[in-house]
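S.K.: just coords:
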């Protein structure tokens, strides 16, 4: 009887979690739709902002093109191979930035006390923060990364197999999940620091810039750090090198190319724990 009662309690807890997830997704959809309608009221302004976002992020790839006007290879990689790394990193980050990039506003809400208004609403706080001022113009970054990735896939001479075909979408979705976890963990840190948006940006925007280049151009200690400490290498380096048929950094086994979904799930679980801890520690503005 005791085992049956415990099983029922666990089932009830699972149901409660599923209801919370459902409610959070519904709240996120409603708030983001509200902001999208607001943006679409000024369509020309939205189009110009999205194009500006596209153009600004494209300068990163222009810088790579300028490098290759002077050299044939960078760290032993051709332009098309680096374009593949660049496109995978930017597309994954673009997805995360579009969906949950508003987390960097949390520090401002903590400082001015407006986070309190979110706490009294009957909706998950993380969903409200993530959808706050939903920036559809960020689709410019996502589009630019996807175009470079498409170019790389066209020009690269890859011996495609079913596993390599499967790795590409998994890489993008898992990379978005890892970057999303970094956004959430950075938001949780702002409960304590209150003004840590730039620290968060160092790991998000800085991380995607790092991953645009092959691991061979960086010191091994840095590669170890983004593999075993903050696992950004699983965003694109490890799965992309499998697709390209390139040797892995640090002599890792081949099967690590298929672990990004597990790494993303683990990062999201840890980020969720950090978020709940930070939210419980919040004691209104000034805390």
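M.R.: Cool, the structure landed. Computed from a predicted structure; not experimentally measured.
S.K.: the longest helix in this structure is where?
M.R.: The residue-count maximum for a helix in the chain (DSSP state H) belongs to helix 2-40.
S.K.: now for it, which elements pack on it?
M.R.: On a contact count with 3 or more CB pairs under 8 Å, 6 or more residues apart in numbering; DSSP states H and E, helix 2-40 meets helix 125-131. In short, each C-beta sits where N, CA and C put it, glycine included.
S.K.: quick check: chain neighbours aside, which residue is closest to residue 39?
M.R.: Of all residues not flanking residue 39 in the chain, residue 46 sits nearest, at 4.8 Å (CB to CB, 6 or more residues apart in numbering).
S.K.: the longest helix of the chain: how far from the chain's middle?
M.R.: 21 Å (CA atoms, centre = their mean, to the nearest Å).
S.K.: any idea how far stretch 110-118 is from the chain center?
M.R.: For stretch 110-118, the distance from its own C-alpha centre to the chain's C-alpha centre is 25 Å (CA atoms, centre = their mean).
S.K.: er, stretch 149-165 actually
M.R.: On the basis of CA atoms, centre = their mean, stretch 149-165 sits 23 Å off its chain's mean C-alpha point.
S.K.: now residue 213. Its backbone dihedrals?
M.R.: Phi and psi for residue 213, reported as degrees, to the nearest 10, are phi -110, psi 150.
S.K.: I meant to write residue 41 there.
M.R.: The phi/psi pair for residue 41 (degrees, to the nearest 10) is phi -70, psi -20.
S.K.: same thing with residue 75?
M.R.: phi 60, psi 30.
S.K.: pretty sure it is touching residue 216, no?
M.R.: Yes. Counting by CB atoms under 8 Å, residue 216 is a contact partner of residue 75 at 3.8 Å.
S.K.: give me the low-pLDDT residue ranges for the stretch 51-200 of the chain?
M.R.: Scanning the stretch 51-200 of the chain with the threshold set as pLDDT under 70 gives 194-197.
S.K.: residues contacting residue 79?
M.R.: Taking CB atoms under 8 Å, 6 or more residues apart in numbering as the criterion, residue 79 is in contact with 64-65, 68.
S.K.: and those residues, which is closest to residue 16?
M.R.: residue 64 (48.4 Å; CB to CB).
S.K.: in what helix or strand does the closest one lie?
M.R.: Per DSSP states H and E, residue 64 falls inside helix 43-68.
S.K.: do the same with residue 81
M.R.: Using DSSP H and E, residue 81 falls within helix 79-100.
S.K.: next SSE after that helix?
M.R.: Downstream of helix 79-100 (by DSSP H and E), the next one is helix 106-112.
S.K.: ok, and what's touching the next helix or strand after that next one?
M.R.: Next helix or strand after helix 106-112 toward the C-terminus (DSSP H and E): helix 115-119. Helix 115-119 is contacted from outside by 106, 109, 125, 128-129, 282, 284-285, using CB under 8 Å, 6+ apart.
S.K.: again, only using 6 Å
M.R.: 109, 125, 128, 284 (CB atoms under 6 Å, 6 or more residues apart in numbering).
S.K.: from those residues, list the buried ones, please.
M.R.: For the contacts of helix 115-119, a neighbour count by 16 or more other CB atoms under 10 Å gives the buried set as 109, 125, 128.
S.K.: which of the residues you listed sits closest to residue 38?
M.R.: Among the buried ones among the contacts of helix 115-119, residue 128 lies closest to residue 38 (CB to CB), at 15.9 Å.
S.K.: how about that closest one, nearest residue that isn't a chain neighbour?
M.R.: residue 118 (4.7 Å).
S.K.: grab the nearest non-local neighbour of the most centrally placed residue in the chain.
M.R.: Nearest residue to the geometric centre of the chain (CA atoms, centre = their mean): residue 179, 2.4 Å. In this structure, residue 179 finds its nearest non-sequential neighbour in residue 96, 3.7 Å apart by CB to CB, 6+ apart.
S.K.: so that neighbour is in contact with residue 181, correct?
M.R.: No. Here residue 96 does not reach residue 181: they are 8.8 Å apart, not a contact under CB atoms under 6 Å.
S.K.: how many neighbours does residue 19 have?
M.R.: Residue 19 has 10 neighbours, counted by other CB atoms under 10 Å.
S.K.: any idea of the pLDDT on it?
M.R.: pLDDT for residue 19: 75.
S.K.: got a list of contacts for stretch 261-272?
M.R.: For stretch 261-272, the external contacting residues (CB under 6 Å, 6+ apart) are 174, 177-178, 181, 184-185, 231, 234.
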